[in-house]
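Student: Sequence first, predicted model second:
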Amino acid sequence: MITVAEYKGQKVGVFGLGKAGEAAVAALAAGGAEVYAWDDRMAEGGGRMTSNFPSSVICHPFSQWDWKEIKALVLSPGVPLTHPKPHAVVELAKKHNVPVIGEVELLARACPQAKLVGITGTNGKSTTTTLIGHILSEAGVNVQVGGNLGTPALALEPLGKDGVYVIEMSSYQLDLVRTARFNVALLLNITPDHIDRHGDMAGYIAAKKHIFERQGAGDVAVVAVDDEYTRGIRDSGFGIQGSKVIPVSSQNELKDGVYVKDGILHDMLNPESWNLNPIVALTGRHNWQNAAAAYAACKACGVDADKIYAAMKSFGGLRHRLQLVANINGVRFINDSKATNADATANALAPYQNILWIAGGKPKEGGISSLGKYFSNIAHAFLIGEAAGEFAKTLEGKVAYTQCGTLEVAVKKAAEMAKEGDVVLLSPACASFDQFKSFEHRGDVFCELVEELANAS
């Protein structure tokens, strides 16, 4: 665990006590800070959400904190900073000129000698983060992987000058970075998402641009240029003037970067070429972009190209992201529960044919109308959750569908219809919160249902 000694003997507030908040409380308390902690889920009468907090931690409603003495507010990324309106705790911090920061900011301050690699983008962050961590680990680098991916930054092990932190950064987290500098910063793509938290598309793009701020000579900015927003950032140079910019693509040939065409990765900076087609976990154009970005990032960290490729070949992929769960009598069952919007689901529909598609959940703005060009890949759709009715209207006359209600019914009906060569694909294009605790929970249930089918076959 990281120890944050910067605030020793001083008062610090931590608001939002999920995994990241709990890690921040522990790191600050271990460093000698006087920590005030609270969460909206806690009873207004006081108390604590976890028994793991040191007894010195003060669990009082934030309205009762000693704001005149508090030196910083460590805010959970899930708490509104600006939109739809600032949370009351943010307003209090502003009123008393208390800096509002996030846990990644504290990590960078606590371990300043370690290299910091940051990955952001609307889609593909988790796969790319995991892939980079895998490559660096296989190459013998002292690496820790976390952030939005799952393990809080401050729950990682402390690293010195020989270490590399590989941190997945959401737009919410990037809004809470103040002085931290990413030695290697990756921007994968930008499509409309989280507009409610950033006000409009311009606000969302601005949040993503934060990853390049404070970069200077010797730093590297890896920018995928496969959408108009990221191309605009690369072309304008906003926020990336001081670093070396490496463009990557899975759609276009590049003369000055890294691109993948027909599954062949081309490094035009050396030049060298590597065949990704045999690597099952890197199937599809979206994964080619992830691979190109990871390759460029690991080269920037000093790893030789041949070691990068060798590690890619042993990459097992990311759970809940195009995860091959089982092959039952020639039918592949694929868990893509992490696809919580249509753009992510497009990446799952593109590389396959004869798809028995399980979709639905808590709908997101825009629905699935953007997926029309992939409808010919779908043999039948099995619709679940709150979005079932809306999705049915979009598919009417274009794709045969069955309204199933629950995931259990959908898996059963898809398995009954499937024949050799088909793909049963859970790629919901929706959030999970209508029927599940998280996309992980949804994916785990799918895996359990498929396992039951495999055992019965």
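Tutor: Received it, and whenever you're ready, just let me know what you need. Residues are numbered from 1 along each chain as shown.
Student: Now do the same for residue 287: helix, strand or coil?
Tutor: helix (DSSP: H, G, I helix; E, B strand; the rest coil).
Student: That one reaches residue 281, doesn't it?
Tutor: Yes. Here residue 287 reaches residue 281: they are 7.5 Å apart, a contact under CB atoms under 8 Å. C-beta coordinates here come from the backbone N, C-alpha and C atoms, glycine included.
Student: When these two are compared, which one has more neighbours?
Tutor: residue 287 (28 against 23; other CB atoms under 10 Å).
Student: Does the closest residue to the more buried one other than its chain neighbours lie in a helix or a strand, and which?
Tutor: Using CB to CB, 6 or more residues apart in numbering and skipping the chain neighbours, the partner closest in space to residue 287 is residue 127 (6.8 Å). For residue 127, the element it lies in under DSSP states H and E is helix 125-138.
Student: Then residue 234?
Tutor: Residue 234 belongs to helix 228-236, assigned by DSSP H and E.
Student: That helix packs against which elements?
Tutor: helix 201-209, strand 220-224 (3 or more CB pairs under 8 Å, 6 or more residues apart in numbering; DSSP states H and E).
Student: hmm, 10 Å instead?
Tutor: If contacts are counted by 3 or more CB pairs under 10 Å, 6 or more residues apart in numbering; DSSP states H and E, helix 228-236 sits against strand 184-187, helix 201-209, strand 220-224, strand 244-249.
Student: Tell me which of those sits most buried.
Tutor: Counting by mean count of other CB atoms under 10 Å, strand 184-187 has the highest mean neighbour count of the helices and strands packed on helix 228-236, with a mean of 29.
Student: For it, list the C-alpha coordinates in PDB.
Tutor: Extracted in PDB, the C-alpha atoms of strand 184-187 (Å, rounded to 0.1, in the frame of the first residue of the first chain):
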ATOM      1  CA  VAL A 184       3.600   8.200 -21.300                       C
ATOM      2  CA  ALA A 185       0.100   9.300 -22.100                       C
ATOM      3  CA  LEU A 186      -2.300   7.400 -24.300                       C
ATOM      4  CA  LEU A 187      -5.600   8.600 -25.900                       C
END
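Student: Note down every partner strand of that strand and its orientation.
Tutor: strand 115-120 (parallel), strand 220-224 (parallel) (DSSP bridges).
Student: OK, contacts around residue 12?
Tutor: For residue 12, the contacting residues are 4, 6, 24-25, 28-29, 31, 33-37, 69-74, 98, 101, 106, by CB atoms under 10 Å, 6 or more residues apart in numbering.
Student: what pairs with it across the strands?
Tutor: Under the criterion used (DSSP bridges), residue 12 bridges to residue 35, residue 72.
Student: of all the helices and strands packed on helix 228-236, which lies closest to residue 64?
Tutor: Using CB to CB as the measure, helix 201-209 is the one of those that comes nearest residue 64, at 31.3 Å.
Student: Show me what the closest one packs onto, helices and strands only.
Tutor: Helices and strands touching helix 201-209, by 3+ CB pairs under 10 Å, 6+ apart, are strand 115-120, helix 171-174, helix 195-198, helix 228-236.
Student: Let me know the secondary structure of residue 345.
Tutor: Recorded secondary structure, residue 345: helix (three-state DSSP).
Student: Can you report phi and psi for the residue nearest to it when sequence neighbours are not counted?
Tutor: Spatially, and ignoring its direct neighbours in sequence, residue 345 is nearest to residue 429 (4.0 Å; CB to CB, 6+ apart). Note on residue 429: its backbone torsions stand at phi 60, psi 30 [degrees, to the nearest 10].
Student: Count the neighbours of residue 429 for me.
Tutor: For residue 429, the tally of surrounding residues (other CB under 10 Å) stands at 28.
Student: hmm, back to that, go through the contacts of residue 12 and flag which are in strands.
Tutor: In this view, these that belong to strands under DSSP state E are 34, 35, 36, 37, 70, 71, 72, 73, 74, 101.
Student: Could you break this structure into its assigned domains?
Tutor: Per automatic domain parsing, the domain ranges recorded for the chain read 11-101, 104-313, 323-456.
Student: First-to-last residue distance for the longest one?
Tutor: Using CA to CA, to the nearest Å, the end-to-end distance of domain 104-313 comes out at 31 Å.
Student: Show me what the nearest residue to residue 305 once chain neighbours are set aside is bridged to.
Tutor: With CB to CB, 6+ apart as the criterion, residue 305 has its nearest non-adjacent residue at 5.3 Å, and that residue is residue 272. Taking DSSP bridges as the rule, residue 272 bridges to residue 267.
Student: burial measure for residue 272, as a count.
Tutor: Counted with other CB under 10 Å, the neighbours of residue 272 add up to 15.
Student: what's the pLDDT at it?
Tutor: We note a pLDDT of 92 for residue 272 in this prediction.
Student: Also residue 56?
Tutor: Per-residue confidence (pLDDT) for residue 56: 87.
Student: Quick check: it touching residue 31?
Tutor: No. Residue 56 lies out of contact with residue 31 (CB atoms under 10 Å); the separation is 11.8 Å.
Student: Quick check on those two: which one has the bigger neighbour count.
Tutor: More crowded of residue 56 and residue 31, by other CB under 10 Å: residue 31, with 20 against 10.
Student: who's in contact with that one?
Tutor: By CB under 10 Å, 6+ apart, residue 31 lies in contact with 2, 3, 4, 5, 6, 7, 8, 9, 10, 12, 106, 110.
Student: before we move on, what about residue 289?
Tutor: Shown in contact with residue 289 (CB under 10 Å, 6+ apart): 121, 123-124, 127-128, 188-189, 224-226, 248-251, 259-260, 347.
Student: Name the residues of the helix or strand of the chain with the lowest mean pLDDT that are buried.
Tutor: The weakest-scoring helix or strand in the chain, judged by mean pLDDT, DSSP states H and E, is helix 195-198 (a mean of 79). Residues of helix 195-198 classed as buried by neighbour count (16 or more other CB atoms under 10 Å): 197, 198.
Student: got it, and stretch 366-382?
Tutor: Neighbour-count burial for stretch 366-382 [16+ other CB under 10 Å]: 367, 368, 370, 371, 374, 375, 377, 378, 379, 380, 381, 382.
Student: what's around residue 240, how many residues?
Tutor: Residue 240, neighbours per other CB under 10 Å, totals 22.
Student: What is the three-state secondary structure of it?
Tutor: Under three-state DSSP, the three-state class of residue 240 is coil.
Student: Now do the contacts for it.
Tutor: By CB under 10 Å, 6+ apart, the residues touching residue 240 are 185, 187, 209, 211-213, 215, 219-221, 223, 233-234.
Student: quick revisit: so which residues make contact with the helix holding residue 234?
Tutor: Applying CB under 10 Å, 6+ apart, the external contacts of helix 228-236 come out as 121-122, 187-192, 201, 204-205, 208-209, 212, 221, 223-225, 238-240, 245-249, 252, 257.
Student: Brilliant, that's me finished.
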